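*Asks:* Okay, here's the prediction I keep looking at, along with the sequence it came from:
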Amino acid sequence: MIESRAKRACTVVAAAVAIAAGGCVTTVEKVGGGLRPPDRASDLARQSALSRTGVRTLGSIQYDGFTLPVASPDGRFLAVQTGVAPDWPTLLAAAGGRPPLASSIEVWECSDTVTRVASLSRGLVLGRSADRTGFLVEAPQPDGSRWIGKVAWPGAIRPVEVKPLAEGEAPLVLDEPVDTSKPEWLVQDARINAFATLGPSGELAWCVRTPEEKSFRLAVRPAGPGAAFEHAAGPDESWFLPVFAGGSKSPSMYVLRLRDGMVDLVHGTPVDLESWDRSLAIRPLSDRADARVAWQVLAPQGTVSATGEGDDDRLVFFHPDLRRMAVWDPVDDTLALLEPDSFAATLDGETAALLAMPDGLFRQRIRPPSGSLTPMPSDSGRPVRLLDRTGVPRRVESRASRPDGETGGRSWLVLRPERKSLRILRLFLLDTTETDGKARTSGDR
């Protein structure tokens, strides 16, 4: 049963591979939609809105056919795994994992087009997380250990203090280019270190075990003066895929817990070991899961796109039993279900989400987070179709020019798989206003 469910779960992201891309630059206006509402409408405020959308196709890039790229927060760069995709033991840091010598990592710049700007040596696994300075990679070693490193984005610089020429003068601080061709090792020891993620202020969290152990402990390295700590799960339990949330003022963290065929979603405050233990909120997800099924819970979103912006620490994830995307608010333990068959999503502000469906990319209204002053959306419509062909949305802080020449609005990168390549689109949501009209479209998508 578990193996068959794992095989089905593996198709969550791969389902988009057969979808074709289209168009160059379009502007679309649409109201309503033709999809049926979720099975539990009480969990969802359905949408009726006029959305004006701009889309720019940047080009296509080669990838390994499985691993989704990692984007820089500003959407300028993508880190891409190419060649042969790492096998499951390597992805899951399990027994039998080995250096992926048949694959490599490339960095592409996304401006008006996509351009390859850097290539790394073979043997690295693309990580799950990135910040403004770089992205994470992992390096399985021949002796069975596994390291975690960070690769700087092209053009990165760091301040370097230079000794003054004359006594009594203040030291000079100069900008020095960072080597972007190889990782800076953040965790390098004889253990298996995997599934690393970066926090909003430079925190680092990952899962760790010795080669002899079967279960992963959770490791956290705070950004400030606090001491690093490790947290062991209970007997025969293992931690998996941590994700930071909540912004720099009040960081929190999600992590999956695997135990005896079950998977739970856990939320807590990772300041120190005591705070973590005392703050845990737990949402059971499935009692028929293994590590492959758990991987699909968070794989489609990455890390930045899995949580809300700023202090909004809700989590978007794929529910393995309900077979759709969902949004969990751990403050009041509410679960907003997105459309059936949705396989990837990201939040758009407090009351909406962009979600990938087999037949397109949609925008759907959801409940605001607990404690928000934002009013509840009216329950009067259905998801708005933004694109006729599907793709995985990645939220970015883009400064790129919009197709209509204006400034402002919100933007995403959309990853549209096509066999062993990805069509990269930049999506702009120019405005959204409430309306009770019917669907109107303009342009060719």
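*Replies:* Structure received. Numbering: from 1, shown residues only.
*Asks:* and the nearest residue to Ser215 once chain neighbours are set aside, which of the three is it?
*Replies:* Among residues not flanking Ser215 along the chain, Ser238 sits closest, at 4.1 Å (C-beta to C-beta, 6 or more residues apart in numbering). (C-beta placed from N, C-alpha, C; glycine too.) Secondary structure, DSSP: H, G, I helix; E, B strand; the rest coil: Ser238 is strand.
*Asks:* give me the beta-bridge partners of Arg423?
*Replies:* Ser60, Arg416 (DSSP bridges).
*Asks:* got the contact list for it?
*Replies:* Shown in contact with Arg423 (C-beta atoms under 8 Å, 6 or more residues apart in numbering): 21, 57, 59-60, 391, 415-417.
*Asks:* quick revisit: which residues are in contact with the residue nearest to Ser215?
*Replies:* Here Ser238 is in contact with 207, 214-216, 257-259 (C-beta under 8 Å, 6+ apart).
*Asks:* now, among the residues you listed, which is nearest to Phe343?
*Replies:* When the contacts of Ser238 are compared for distance to Phe343 (C-beta to C-beta), Leu258 comes out closest, at 21.5 Å.
*Asks:* I'd like to know how far that closest one sits from Leu265.
*Replies:* To Leu265, Leu258 is 11 Å away according to C-beta to C-beta, to the nearest Å.
*Asks:* Touching, Ala122 and Ser104? I think so.
*Replies:* Slight slip there: residue 122 is Arg, not Ala. Yes. At 4.8 Å, Arg122 and Ser104 qualify as touching, with contact defined as C-beta atoms under 8 Å.
*Asks:* and these two? which has more neighbours close in?
*Replies:* Ser104 (19 against 14; other C-beta atoms under 10 Å).
*Asks:* what's across from the more buried one in the sheet?
*Replies:* Thr82.
*Asks:* what does Leu204 give?
*Replies:* Leu198, Arg221.
*Asks:* dump the residue contacts of it.
*Replies:* With contact taken as C-beta under 8 Å, 6+ apart, Leu204 is in contact with 148, 186-187, 196-198, 220-221.
*Asks:* swap in Pro154?
*Replies:* Counted by C-beta under 8 Å, 6+ apart, Pro154 has contacts 77, 107, 109, 117-118, 180.
*Asks:* Please repeat the previous calculation with a cut-off of 7 Å.
*Replies:* 77, 107, 117-118, 180 (C-beta atoms under 7 Å, 6 or more residues apart in numbering).
*Asks:* Secondary structure class of it, three-state.
*Replies:* Going by three-state DSSP: Pro154 is coil.
*Asks:* What subset of the contacts of Ser238 is buried?
*Replies:* Among the contacts of Ser238, those scoring as buried are 207, 215-216, 257-259 (criterion: 16 or more other C-beta atoms under 10 Å).
*Asks:* Going by neighbour count, list what's buried in stretch 201-208.
*Replies:* Going by neighbour count (16+ other C-beta under 10 Å), the buried part of stretch 201-208 is 203-208.
*Asks:* Return the distance of it from the chain's centre.
*Replies:* On the basis of C-alpha atoms, centre = their mean, to the nearest Å, stretch 201-208 sits 15 Å off its chain's mean C-alpha point.
*Asks:* repeat for stretch 330-346
*Replies:* On C-alpha atoms, centre = their mean, the centre of stretch 330-346 falls 15 Å from that of its chain.
*Asks:* just the CA coordinates of that stretch, formatted as PDB?
*Replies:* Listed next in PDB are the C-alpha coordinates belonging to stretch 330-346 (Å, rounded to 0.1, in the frame of the first residue of the first chain):
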ATOM      1  CA  PRO A 330      -1.200  26.700  13.200                       C
ATOM      2  CA  VAL A 331      -2.400  29.600  15.400                       C
ATOM      3  CA  ASP A 332      -6.000  28.300  15.400                       C
ATOM      4  CA  ASP A 333      -5.300  25.000  13.600                       C
ATOM      5  CA  THR A 334      -7.500  25.800  10.600                       C
ATOM      6  CA  LEU A 335      -7.000  24.100   7.300                       C
ATOM      7  CA  ALA A 336      -8.100  25.800   4.000                       C
ATOM      8  CA  LEU A 337      -8.500  23.300   1.200                       C
ATOM      9  CA  LEU A 338      -7.700  24.500  -2.300                       C
ATOM     10  CA  GLU A 339      -9.200  23.100  -5.500                       C
ATOM     11  CA  PRO A 340      -9.300  19.300  -6.000                       C
ATOM     12  CA  ASP A 341      -6.400  18.100  -8.200                       C
ATOM     13  CA  SER A 342      -4.300  21.200  -7.400                       C
ATOM     14  CA  PHE A 343      -0.600  20.100  -7.200                       C
ATOM     15  CA  ALA A 344       1.300  23.300  -6.500                       C
ATOM     16  CA  ALA A 345       0.400  26.700  -5.000                       C
ATOM     17  CA  THR A 346       1.700  29.800  -3.300                       C
END
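*Asks:* follow-up on the earlier one: can you put the contacts of Leu204 in CSV and add distance to Gly83, neighbour count and pLDDT?
*Replies:* Converted to CSV, the contacts of Leu204 look like this (distance: C-beta to C-beta, whole Å; neighbours: other C-beta atoms under 10 Å; pLDDT from 0 to 100):
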residue, distance to Gly83, neighbour count, pLDDT
Ile148, 21, 23, 98
Leu186, 24, 17, 96
Val187, 25, 18, 97
Ala196, 22, 26, 97
Thr197, 24, 26, 96
Leu198, 25, 25, 95
Val220, 32, 24, 96
Arg221, 31, 18, 94
